[in-house]
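# all I have is the shape, not the residue letters:
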């Protein structure tokens, strides 16, 4: 009996043990450590760490740059979210119709997604700085003659454009999968009953694609909220910190200003916000899902 | 991506085709197609700019970056290749991606299998713990992770970085395998046990091969993430010897700011492997990613 129990215990250890060890070391321990260090004045270098209670959190509330970066991130997420899903869903509608070369189009729209945010940021840095300048002198369109990365409002839109360019094709692929799952009979029945294209879209296609909306909204919100690589490569958070995301703020606070304690407190607040927002969104859109 | 349509009913596809040909002259259809074409061109323009300017002389880039290169200069690539030490950087990226994947696949499939087949209080607590961790953004634990990595001697080593990827990849991988294994009937396994197969034998010889579709999806998701990741390697690796492609590109840009001829060649080198791989395997990549994100 004990021999058998020992055998089953060792099986658990072999099957689950390694995963649990690495997961604990890399995720769980740092997570709980950050709860402690958020309450200290840890500077990353000195071994002396003083407990300061909630000082970091009270400081954080009055930190005007953190607040500014927070609002930038919220605005950036909202605008990108709308554009990415609008364009992605539109493309999915277009590319599920009978159209010559639609697979080539799908490949083209998806392609930016396989390139990492950092390299994409550098590619677009060249486009905004040199490509747009050249197009501006060729066409004299005011759009290309804007200062783009050099000015706060246009730099914001620059980031939105690149984020949309990167992610629209990704959500498109998920929406296409959803659209192809809608039973054809349903659409035909609606047309026979005299439904216009708009009503079919609003009353059948969109409600039946709600699971895809749940997934895509979740993916866009969490990706945009955590934006880091793109900001670093495209603007480094400038001009005048106007495009500094929360993730970049945390990074600078810890690794450039050496305020590890404060950085950890910010990171904790960031975690709570991301967790709350994404959970709320999933619960909300899940409620809208219907059965065919 | 097209297959599901064909499965629905072959007659409706034929109808679509016929209708498509007939409507091709209709203005509405034409406009939609033109619109898609214009959008596709807009999506490709950045690639055009980067590629044509990477084979130009510096002065030619400055004077007119829209024009086609009149003498095609490959010297930029030769220089960028040696300055970046591209073969080494590429090898580092490949090694880190491959070994992270192998470890993740082995550990997450085994753990998920055990969790599905031997449920219990502790096991379900662990499963909830793993999946709940998916909402933790990397940036909210990166500061203390660096401290842990220092203490565990993971800093400045490829193995250390791979171990970090194990930790961050496990929750999603385990979650995806867990969902997949639940849908596999256990009858085959039971008959194998009756035939005297050990638990490990059952897993590796019978179950693991059945997981192949999910394994492909997970490898693709992991590879795109690890290959393109900048932040984690930048925190773990300091030495020039160990740089991955994103790290090397970042440092190259810092060093040659505004020297667009070299910077663009480096950028094309950095982007080329993953884009080429995508073009060769686009069907699998798109299907795998859809499967992974819909279930995840």
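That came through fine. Remember, predicted model here, so these are calculated numbers, not experimental data. Numbers count the residues shown, from 1 in each chain, chains lettered A, B, ... in the order given.
# CA only for contacts and neighbour counts going forward, please
OK.
# got a list of what residue B:110 touches?
Going by Cα atoms under 8 Å, 6 or more residues apart in numbering or on different chains, residue B:110 touches A:15, A:16, B:203.
# domains of chain B?
Domain assignment for chain B, taken from automatic domain parsing, gives B:3-54, B:80-295.
# between those domains, which gets the lowest average pLDDT?
Mean pLDDT values for the domains of chain B show the minimum at domain B:3-54, a mean of 68.
# wait, residue A:106 sits on residue A:95?
Yes. The criterion here is Cα atoms under 8 Å, and residue A:106 meets it with residue A:95 at 7.2 Å.
# for residue A:95, what are its contacts?
Applying Cα under 8 Å, 6+ apart, the residues near residue A:95 are A:102, A:105, A:106, A:176.
# could you rerun that using 6 Å?
residue A:102 (Cα atoms under 6 Å, 6 or more residues apart in numbering or on different chains).
# quick one: the helix or strand where residue A:271 lies near chain B?
Assigned by DSSP states H and E, residue A:271 belongs to helix A:260-287. Yes. Using Cα under 6 Å from any Cα of the partner chain, helix A:260-287 reaches chain B at A:267, A:268, A:271, A:275.
# the first one contacts residue B:138, correct?
No. Residue A:267 sits out of contact with residue B:138 when judged by Cα atoms under 6 Å, with a separation of 9.4 Å.
# more crowded one of those two?
Ranked by neighbour count (other Cα atoms under 10 Å in any protein chain shown), residue A:267 and residue B:138 place residue A:267 first, with 28 against 18.
# residues touching the closest residue to the more buried one other than its chain neighbours, list them.
Nearest non-adjacent residue to residue A:267, counting by Cα to Cα, 6 or more residues apart in numbering or on different chains: residue B:140, 4.2 Å away. Under the criterion of Cα under 6 Å, 6+ apart, the neighbours of residue B:140 are A:267, A:268, A:271.
# how about 10 Å then?
A:30-31, A:34, A:226, A:247, A:250-251, A:263-272, A:274 (Cα atoms under 10 Å, 6 or more residues apart in numbering or on different chains).
# ok, now residue B:96?
Contacts of residue B:96 (Cα under 10 Å, 6+ apart): B:158, B:159, B:161, B:162, B:163, B:165, B:223, B:226, B:227, B:244.
# just among those residues, which is most surrounded?
Neighbour tally across the contacts of residue B:96 (other Cα under 10 Å): the maximum, 28 neighbours, falls on residue B:244.
# phi first, then psi, for that one.
Backbone torsions of residue B:244, given as degrees, to the nearest 10, read phi -100, psi 180.
# quick revisit: buried deepest among the domains of chain B, which one?
Of all the domains of chain B, domain B:80-295 has the most neighbours on average by mean count of other Cα atoms under 10 Å in any protein chain shown, namely a mean of 18.
# which pLDDT does the model give residue A:42?
87.
# do the one 4 residues further on as well
For residue A:46, the model assigns a pLDDT of 73.
# now it, what's its secondary structure?
Here residue A:46 is coil, with the state taken from DSSP: H, G, I helix; E, B strand; the rest coil.
# burial measure for it, as a count.
7.
# again, but for the one 3 residues further on
The number of residues packed near residue A:49 is 15, by other Cα under 10 Å.
# for it, give me its contacts.
A:37, A:39, A:40, A:41, A:42, A:43, A:261.
# ok, so of those residues, who is nearest chain B?
Taking Cα to the nearest Cα as the measure, chain B lies nearest residue A:37 of the contacts of residue A:49, at 8.2 Å.
# the closest one is in contact with residue A:264, isn't it?
Yes. Residue A:37 lies in contact with residue A:264 (Cα atoms under 10 Å); the separation is 6.5 Å.
# isn't residue B:287 right next to residue A:177, touching?
Yes. Judged on Cα under 10 Å, residue B:287 makes contact with residue A:177 at a distance of 9.1 Å.
# run the chain-centre distance for the lengthiest helix in chain B.
What stands out as the longest helix in chain B, according to DSSP state H, is helix B:86-117. Its chain's average C-alpha position is 12 Å from that of helix B:86-117, according to Cα atoms, centre = their mean, to the nearest Å.
# following element in sequence after that helix, please.
helix B:121-132.
# now the element after that following helix, going C-ward?
helix B:142-151.
# between helix A:260-287 and that next one, find me the angle.
120 degrees (axes from the mean of the first three to the mean of the last three Cα atoms, to 10 degrees).
# helices and strands around helix B:142-151, which ones?
helix A:29-37, helix A:246-255, helix A:260-287, helix B:158-182, helix B:231-236 (3 or more Cα pairs under 10 Å, 6 or more residues apart in numbering or on different chains; DSSP states H and E).
# could you find the closest non-adjacent residue to residue A:91?
Once flanking residues are discounted, residue A:91 sits nearest to residue A:172: 6.2 Å by Cα to Cα, 6+ apart.
# what do you get for residue B:44?
Nearest to residue B:44 is residue A:108, by Cα to Cα, 6+ apart, at 7.3 Å.
# I'd say the one you found and residue B:38 touch.
No. Counting by Cα under 10 Å, residue A:108 does not reach residue B:38; the two are 11.9 Å apart.
# can you work out which residues contact both of the two?
Common contact partners of residue A:108 and residue B:38 (Cα under 10 Å, 6+ apart): residue B:44.
# tell me how many other residues crowd residue A:234.
Residue A:234 has 26 neighbours, counted by other Cα under 10 Å.
# nearest residue to it other than its sequence neighbours?
residue A:121 is the one closest to residue A:234 (Cα to Cα, 6+ apart), at 4.8 Å.
# distance check, the one you found against residue A:219.
To residue A:219, residue A:121 is 20 Å away according to Cα to Cα, to the nearest Å.
# which one of these two has more residues nearby?
The residue with more neighbours, out of residue A:121 and residue A:219, is residue A:121; 22 against 18, by other Cα under 10 Å.
# got a pLDDT number for that one?
Reported pLDDT at residue A:121 in the predicted model: 93.
# now the element after the one helix or strand it maps to, going C-ward?
Using DSSP H and E, residue A:121 sits in helix A:117-126. Next helix or strand after helix A:117-126 toward the C-terminus (DSSP H and E): helix A:132-139.
# contact partners of that following helix?
Residues contacting helix A:132-139 (Cα under 10 Å, 6+ apart): A:126-128, A:130, A:140-148, B:61-67.
# only whichever of those are buried, select them in ChimeraX.
Typed into ChimeraX, the line below selects the buried ones among these, using 16 or more other Cα atoms under 10 Å in any protein chain shown:
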select /A:126,127,128,130,144,145,147,148 /B:61,62,64,65,66
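# quick one: contacts for residue B:261?
Each residue near residue B:261 by Cα under 10 Å, 6+ apart is listed here: B:50, B:53-62, B:73, B:75-77, B:80.
# the residues you listed: which ones sit near chain A?
The overlap between these and the neighbours of chain A (Cα under 10 Å from any Cα of the partner chain) comes to B:50, B:53, B:61, B:62.
# quick check: residue B:79 is in a helix.
Yes. Under three-state DSSP, residue B:79 sits within a helix.
# what about it, how many neighbours?
Neighbour tally, residue B:79, other Cα under 10 Å: 14.
# pLDDT score for it?
pLDDT, residue B:79: 91.
# now the spatially most central residue of chain B: how far from chain A?
In chain B, the C-alpha nearest the mean C-alpha coordinate belongs to residue B:224, at 1.2 Å (Cα atoms, centre = their mean). With distances taken as Cα to the nearest Cα, to the nearest Å, residue B:224 is found 7 Å from chain A.
# how about that residue, what does it touch?
Applying Cα under 10 Å, 6+ apart, the residues contacting residue B:224 are A:113, A:114, A:115, A:116, B:97, B:274, B:285, B:289.
# ok, 7 Å please
residue A:114 (Cα atoms under 7 Å, 6 or more residues apart in numbering or on different chains).
# surely it is in a strand?
No. Counting by three-state DSSP, residue B:224 falls outside a strand, being helix.
# what pLDDT, on average, does stretch A:6-22 get?
On average, stretch A:6-22 scores 90.
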